[in-house]
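Student: Turn this into a model:
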Amino acid sequence: MPDASFPDLPALAQHLRDELETKRFVLLYGYNGTGKTRLSGAFRDIGRKVDENGETTDRDTLYFNAFTEDLFSWDNDLKNDRERVLKLNRDSRFFAGLAELEMDTRIRPLLHRYADFDFEIDTEEWEVSFARETRREKDDGTYETDRQEDIKVSRGEENIFIWCFFLAVMQLALDGAEAYRWVRHVYIDDPISSLDDNNAVAVAHHLAQLLKDSPDNLTTVVSTHHVLFFNVLSNELPKGKKVSRRYFLTRESQSGQFAVCDTDSTPFLHHLASLVELHEAMNSGAVYTHHFNTLRRVMEQTASFLGYNRWETCIKPEPDDPNGTLYKRVIDLMSHGDYSLYEPREMMPENKEHFSRALRQFIATHPFSPTLFPAEAR
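Tutor: So this is what the prediction gives:
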């Protein structure tokens, strides 16, 4: 059961702000499509004041989310295909003090933690150009360096650059720079899209070090759909409910309400959390066709963890199914349908029975902790 439910995102955002009255950090895990990006916007809006012309006169939240990434856009020089640059939105206060604060010298050491390319910020044209040096062996065995200018970096490299730009701005806020004195809260939503697990760990570790050294009067919310990123942050940031909270965020499919569960009392790993949700749905009778998709995904993840070649290895034949194919056929059929999480369709009684038997058998035949499920399911 959730620790708390909220009718809409502004109500949840206010709850997070209330938590930060006494805590420094809130970590949120939620699946894609749960509303994390919109939640970061709702959190920001509560701390923003506007005048009668709709102009922002005051704010308190420095945030990183999909909108931050949209402040950067490519000009790929379609005519000549040579001078490719990343344009900056000069109307955003995110870039306050771009020239005066020498942002390029602040970003470069951060970027070199993760990437091997270089960049130059043109503060008059509001654009960034990228370059990369490569070493080439000559015929005599010596090496020479080639520098490629105006390159287009990959999507992952672009995201790393934008993230390092944000980190440089955040560091200014942590240091109390005049241009960012207005920052009271930092809200970071999914900063590691398009990154592999190695970079996800590196980014999480580095962020944790920065946050641990942040002043007590500046608080932080981090939300993500990436389990590994969440776990690294969760392990490295100070624990204790007087310092931080760690939440699992869900959206209830029927009511549209948002719910948070404390991950100290709820299994957190993606497939375990999903499995507990399926078990609760089964016990309540509110079983919908999209739950077959979730069950198939959990079996895929479990099979991968256990080293099975196929997910159906997780299914054990029952006496009335000598060929061991019934559950696979049903799960295959139901999980390939066009069943939306947001337009749930209740299962027919026969399929509910198949689902319940498959789920109970899966739980009973794999070494999940019995504390996750009521005793009657074992």
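Student: Got phi/psi on residue 120?
Tutor: Taking degrees, to the nearest 10, you get phi -140, psi 130 for the backbone angles of residue 120.
Student: Just list the residues touching it, thanks.
Tutor: Going by C-beta atoms under 8 Å, 6 or more residues apart in numbering, residue 120 touches 104, 128-129, 131. To be clear about C-beta, it is placed using only N, CA and C from the backbone, and glycine gets the same treatment.
Student: Out of the residues you listed, which sit inside helices?
Tutor: Per DSSP state H, helices hold the following members of the contacts of residue 120: residue 104.
Student: PyMOL command for the buried members of the contacts of residue 120?
Tutor: Of these, the buried ones go into a single PyMOL selection, burial set by 16 or more other C-beta atoms under 10 Å:
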select buried, resi 104+128+129
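Student: Would you mind checking which of the contacts of residue 120 is nearest to residue 150?
Tutor: Residue 150 lies nearest to residue 129 out of the contacts of residue 120, by C-beta to C-beta, at 5.5 Å.
Student: Hmm, residue 104 and that closest one touching each other?
Tutor: No - using C-beta atoms under 8 Å, residue 129 is not in contact with residue 104; the gap is 11.2 Å.
Student: Residues in contact with both of those two, list them for me.
Tutor: Common contact partners of residue 129 and residue 104 (C-beta under 8 Å, 6+ apart): 119-120.
Student: Which neighbouring elements make contact with the lengthiest helix in the chain?
Tutor: Ordering each helix of the chain by length in residues (DSSP H) puts helix 155-174 first. In terms of contacts (3 or more C-beta pairs under 8 Å, 6 or more residues apart in numbering; DSSP states H and E), helix 155-174 is packed against strand 61-64, helix 66-69, helix 103-111, helix 197-212.
Student: at 6 Å what do you get?
Tutor: For helix 155-174, the packing partners by 3 or more C-beta pairs under 6 Å, 6 or more residues apart in numbering; DSSP states H and E come out as helix 103-111.
Student: average pLDDT for the helix it packs on?
Tutor: Averaging pLDDT along helix 103-111 gives 93.
Student: next structured bit after the helix or strand bottoming out on mean pLDDT in the chain?
Tutor: Lowest on mean pLDDT, DSSP states H and E among the helices and strands of the chain sits helix 326-335, with a mean of 64. Remark: after helix 326-335, the chain's next helix or strand is helix 349-364, criterion DSSP states H and E.
Student: List the buried residues for that following helix?
Tutor: Neighbour-count burial for helix 349-364 [16+ other C-beta under 10 Å]: 351-352, 354-356, 358-363.
Student: Kindly reformat these as CSV and extend each row with pLDDT.
Tutor: Formatted as CSV, those follow (pLDDT from 0 to 100):
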residue, pLDDT
351, 83
352, 86
354, 84
355, 86
356, 88
358, 87
359, 90
360, 88
361, 87
362, 89
363, 90
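Student: re the thing from before, quick one: buried residues of the longest helix of the chain?
Tutor: 156-174.
Student: now the angle between helix 155-174 and whatever helix or strand comes next after it, please.
Tutor: Of the helices and strands lying after helix 155-174 in sequence (DSSP H and E), the nearest is strand 185-189. For strand 185-189 against helix 155-174, the angle by axes from the mean of the first three to the mean of the last three C-alpha atoms, to 10 degrees is 170 degrees.
Student: Which strands and helices lie in contact with strand 185-189?
Tutor: Strand 185-189 makes packing contacts with helix 36-46, strand 61-64, strand 219-224 when contacts are defined by 3+ C-beta pairs under 6 Å, 6+ apart.
Student: What lies in contact with the longest one?
Tutor: So the one you mean is helix 36-46. Helix 36-46 has contacts (C-beta atoms under 6 Å, 6 or more residues apart in numbering) with 9-10, 13, 30, 61, 63, 65-66, 187, 189, 223.
Student: please redo it, this time with the cut-off set to 8 Å
Tutor: Residues outside helix 36-46 that contact it (C-beta under 8 Å, 6+ apart): 9-10, 12-14, 16-17, 28, 30, 59, 61, 63, 65-67, 185, 187, 189-190, 221, 223-225, 249, 258.
Student: Export it to PDB, keeping only CA atoms.
Tutor: Taking C-alpha atoms only, helix 36-46 is exported to PDB below (Å, rounded to 0.1, in the frame of the first residue of the first chain):
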ATOM      1  CA  LYS A  36       8.100  12.800 -13.400                       C
ATOM      2  CA  THR A  37       8.900  15.600 -15.900                       C
ATOM      3  CA  ARG A  38       5.600  17.200 -15.300                       C
ATOM      4  CA  LEU A  39       6.100  16.900 -11.600                       C
ATOM      5  CA  SER A  40       9.400  18.800 -11.800                       C
ATOM      6  CA  GLY A  41       7.500  21.600 -13.600                       C
ATOM      7  CA  ALA A  42       4.800  21.600 -11.000                       C
ATOM      8  CA  PHE A  43       7.400  21.800  -8.200                       C
ATOM      9  CA  ARG A  44       9.100  24.800 -10.100                       C
ATOM     10  CA  ASP A  45       5.800  26.600 -10.600                       C
ATOM     11  CA  ILE A  46       4.900  26.600  -6.900                       C
END
